[in-house]
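**Student:** Predicted model and sequence follow; I will ask about them next.
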Amino acid sequence: MKFSGTDTYVATEDLMVAVNAAIRLERPLLVKGEPGTGKTMLAEEVSKSLKRDLLRWHIKSTTKAQQGLYEYDAVARLRDGQLGEKRATEISNYISRGMLWEAFESGDAPVLLIDEIDKADIEFPNDLLLELDRMEFYVYETKQHIKAQVRPIVVITSNNEKDLPDAFLRRCFFHYIQFPDQETMGQIVEVHFPNIKKRLLSRALQVFYDVRETPGLKKRPSTSELIDWIKLLLVEDVDPEVLRTKDTAKVIPPLYGALLKNEQDVHLFERLAFLSRRQGT
Amino acid sequence: MFTEFFLKLREAKVPATLREYLTLLEALDEDVANTSIDAFYYLSRSALVKDERNFDKFDRVFGEYFKGVEALGEVLFSEIPEEWLRQEIEKVLSPEERAQLDKMGWEKLMETLRDRLAEQQGRHQGGSKWIGTGGTSPFGAYGDHPEGIRIGQRDGRRGSAVKVWDKREYKNFDDSVIIGTRNIKVALRRLRQFVRDGADTELDLDHTIHATADNGGWLDVRMRPERHNKIKVLLLMDVGGSMNVHVKTCEELFSAARSEFKDLEYFYFHNCVYEGLWKDNDRRHTEHMATWDVIHTYPADYKLIFVGDASMSPYEVAYPGGSVEHWNEEPGGVWMSRLLNVYSSAIWLNPEPESNWVNTQSNRMIQELLGERMYPLTLAGLETGMKYLAR
């Protein structure tokens, strides 16, 4: 049971080592990295390559740890009770399972994605310590003990908005997805567009990395934006010659809307283009 | 087995714990990674370091520790399986050399290799790569090849293994490096503490429902104090003069701080605080707010953060009329202490590197005024500062 990338996902060696260590030792894997470097994708690809189910638990600022275990719908029971319904006498009718429960009960160790854990309250990871460590919890309402038969593969992503507690970190393997270098990026693009012409690819990458290097950008374009942009370039059938970066008159890349998502960044870029044009003459 | 390495990491302030170290040993036991030094590097990093800010420190220790051939010879080399060693060597050999190899015999070759390695031990102890220059010998594989043939990786994709940590790609994240907006935000978040206090209450719906259900349907309303970010910040920033070189860092700090707190008030001053502060640098000579008014307007529970390089003429702090811009009736030091008397939790962030602080007398004076609560404007400094303020 080894993860080594898929035909739609290029995994670097450090990533593979971390993923395989986490799978083998049955510890959660914490993944951080710039937005758009494929943190969430990783869980999908791991599940795909190991042929396991993927359970997603997207965390919001209001998400409570308890919701991952189970929820007890007291309101429904109250209403049913007042209407004299029979099912109100049975408490288990009002317990709905959370993602962790689903993952524990699933026989064939699924991949559990806990997405953007840093969005939640600062205490959220602490509340899940024991559950993720021992892979078991207790349902007080029904006095049930839920324990994972096979430990699921847990992938946790974080955007670094909050520091995670040390106790939580100690229990995880950690991987930081570095922004891909030009060579890896070339492979990634080729995975998405197998028929892309070499010339267009190298030109596009050149422009992309130039844009990223622009000092003062508010939001630097990432992998997902590059993919979108190349898709547009292919649809519009843009001539690679247009992407020649040395051509000062056209410093603003075509269809830049896919790369720059911020008005100020576009302005900045236009200003730079203007300056370099003036220097050119 | 790697206890010394682990201790070295702790010495270098990488916060790895025993539990994480045991995890690493467990992983090695389970053969998670193949025996390459590369895989070992990734594995140990993944198990021991949980924050990309510490990657750089880790890289340095790793490079240091595994630089000596000693480590390689004793720990890793002995564990390198013969097959891939053969495979690796064959890959780099020219046909003639391969013929030679066949002549020499594998056993003999290994022996020579070991000899050579032992020989190299002395020679390369202090070098920057952990294995020597093999040159044209059959052991070229272990040479200081420009592309670096690495031990154990069958399909080296880019660069050499050693390079991965020698490159120190994670330098940016080290917290002694001056920071970017995003990093500042993370550090500032330390200050964010949501507290329930005050008289305002809101309906606690969940509790009410539960209590009502438990009550058998009789309504039982539960209230709870409203939750809000208690932290209010008064940010005073030095502008102009010697601060010009730090404008970008301060801007970043400012923009990050702005989005982090609901109550952020900012004012500018030049070099030292005097009787007037201003909000708009273009109109600094016309639109002043008296410092007394600032003190009276913002209550004492505001956290006070000064940002400045604290390098000025000592007269500015100590004497009336010391200001370079106008005639001040009272010395800057007096105004500083007035502010500090009101706002008990106050810090000074200094964009100058800490090592330069001793060189200016005014810096000493300011530090004394603040009771040594001056922190460098680096991620680490910011964090310690915020920790102090959050107390």
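**Tutor:** Happy to help now that I have it. Numbers count the residues shown, from 1 in each chain, chains lettered A, B, ... in the order given.
**Student:** any idea where the helices of the stretch 201-350 of chain B begin and end?
**Tutor:** Ranges of helices in the stretch 201-350 of chain B, per DSSP state H, counting those that start in this stretch, are B:205-214, B:247-260, B:291-297, B:314-318, B:332-342.
**Student:** same question, the stretch 1-150 of chain A
**Tutor:** Under the criterion DSSP H, counting those that start in this stretch, the stretch 1-150 of chain A contains helices at A:13-25, A:39-50, A:65-69, A:74-82, A:99-105, A:124-127, A:129-134.
**Student:** Quick check: residues of the stretch 101-250 of chain A near chain B?
**Tutor:** Applying CB under 8 Å from any CB of the partner chain, we find that the stretch 101-250 of chain A lies next to chain B at A:160-164, A:166, A:169-176, A:178, A:181, A:183-184. Where C-beta positions appear, they are placed from N, C-alpha and C, glycine not excepted.
**Student:** Could you rerun that using 6 Å?
**Tutor:** Within the stretch 101-250 of chain A, the positions near chain B by CB under 6 Å from any CB of the partner chain are A:160, A:169-170, A:173-176, A:183.
**Student:** Columns distance to B:Tyr274 and mean neighbour count on top of the helices of the stretch 201-350 of chain B, output as JSON lines?
**Tutor:** Output for these, formatted as JSON lines (distance: least, CB to CB, whole Å; neighbours: other CB atoms under 10 Å in any protein chain shown):
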{"stretch": "helix B:205-214", "distance to B:Tyr274": "52", "mean neighbour count": "16"}
{"stretch": "helix B:247-260", "distance to B:Tyr274": "20", "mean neighbour count": "17"}
{"stretch": "helix B:291-297", "distance to B:Tyr274": "7", "mean neighbour count": "14"}
{"stretch": "helix B:314-318", "distance to B:Tyr274": "9", "mean neighbour count": "19"}
{"stretch": "helix B:332-342", "distance to B:Tyr274": "6", "mean neighbour count": "18"}
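**Student:** Select, out of those helices, the one closest to B:Thr384.
**Tutor:** Of all the helices of the stretch 201-350 of chain B, the one in closest proximity to B:Thr384, counting by CB to CB, is helix B:247-260 (15.1 Å).
**Student:** and stretch A:93-105, which residues are buried?
**Tutor:** Using 16 or more other CB atoms under 10 Å in any protein chain shown as the test for burial, stretch A:93-105 gives A:94-95, A:97-104.
**Student:** Next, give me the two most distant ones among those residues.
**Tutor:** Greatest spacing in the buried residues of stretch A:93-105, by CB to CB: A:Tyr94 and A:Ala103 (21.4 Å).
**Student:** What is the neighbour count of the nearest residue to A:Glu236 once chain neighbours are set aside?
**Tutor:** Nearest in space to A:Glu236, with sequence neighbours left out and distances taken as CB to CB, 6 or more residues apart in numbering or on different chains, is A:Leu255 at 6.7 Å. For A:Leu255, the count of nearby residues is 16 (other CB atoms under 10 Å in any protein chain shown).
**Student:** gap between A:Leu255 and chain B?
**Tutor:** 27 Å (CB to the nearest CB, to the nearest Å).
**Student:** wait, doesn't that residue sit right on A:Leu232?
**Tutor:** Yes - at 4.7 Å, A:Leu255 and A:Leu232 qualify as touching, with contact defined as CB atoms under 6 Å.
**Student:** quick revisit: of all the helices of the stretch 201-350 of chain B, which one comes closest to chain A?
**Tutor:** The closest of these to chain A is helix B:205-214. By CB to the nearest CB, the value is 4.2 Å.
**Student:** which secondary structure elements does that closest one contact?
**Tutor:** Judged by 3 or more CB pairs under 6 Å, 6 or more residues apart in numbering or on different chains; DSSP states H and E, helix B:205-214 is in contact with helix A:74-82.
**Student:** tilt between the helix it packs on and helix B:205-214?
**Tutor:** Angle, helix A:74-82 to helix B:205-214, by axes from the mean of the first three to the mean of the last three CA atoms, to 10 degrees: 30 degrees.
**Student:** Return the set of buried residues in helix A:74-82.
**Tutor:** By neighbour count on 16+ other CB under 10 Å, the buried set for helix A:74-82 is A:74, A:76-78, A:80-81.
**Student:** Those residues: which ones sit near chain B?
**Tutor:** Applying CB under 6 Å from any CB to the buried residues of helix A:74-82, one finds that A:74, A:78 fall near chain B.
**Student:** about what we covered before: most neighbours, which of the residues of the stretch 101-250 of chain A next to chain B?
**Tutor:** Ranked by neighbour count (other CB under 10 Å), these have A:Phe173 at the top, with 30 neighbours.
**Student:** and it, what does it touch?
**Tutor:** Counting by CB atoms under 6 Å, 6 or more residues apart in numbering or on different chains, A:Phe173 makes contact with A:18, A:21-22, A:27, A:29, B:46.
**Student:** Let's see that with 7 Å instead.
**Tutor:** The neighbourhood of A:Phe173, defined by CB atoms under 7 Å, 6 or more residues apart in numbering or on different chains, consists of A:18, A:21-22, A:27, A:29-30, B:46-47.
**Student:** Ok, A:Arg27 next?
**Tutor:** A:171-173, B:23 are the contacts of A:Arg27 under CB under 7 Å, 6+ apart.
**Student:** just checking, what packs against the host helix or strand of A:Glu183?
**Tutor:** Here A:Glu183, judged by DSSP states H and E, is contained in helix A:182-192. When contacts are defined as 3 or more CB pairs under 7 Å, 6 or more residues apart in numbering or on different chains; DSSP states H and E, helix A:182-192 packs onto helix A:198-213, helix A:223-236.
**Student:** would you turn these into TSV with mean neighbour count and mean pLDDT?
**Tutor:** Formatted as TSV, the helices and strands packed on helix A:182-192 follow (neighbours: other CB atoms under 10 Å in any protein chain shown; pLDDT from 0 to 100):
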stretch	mean neighbour count	mean pLDDT
helix A:198-213	17	83
helix A:223-236	18	86
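**Student:** Good, we can wrap up now.
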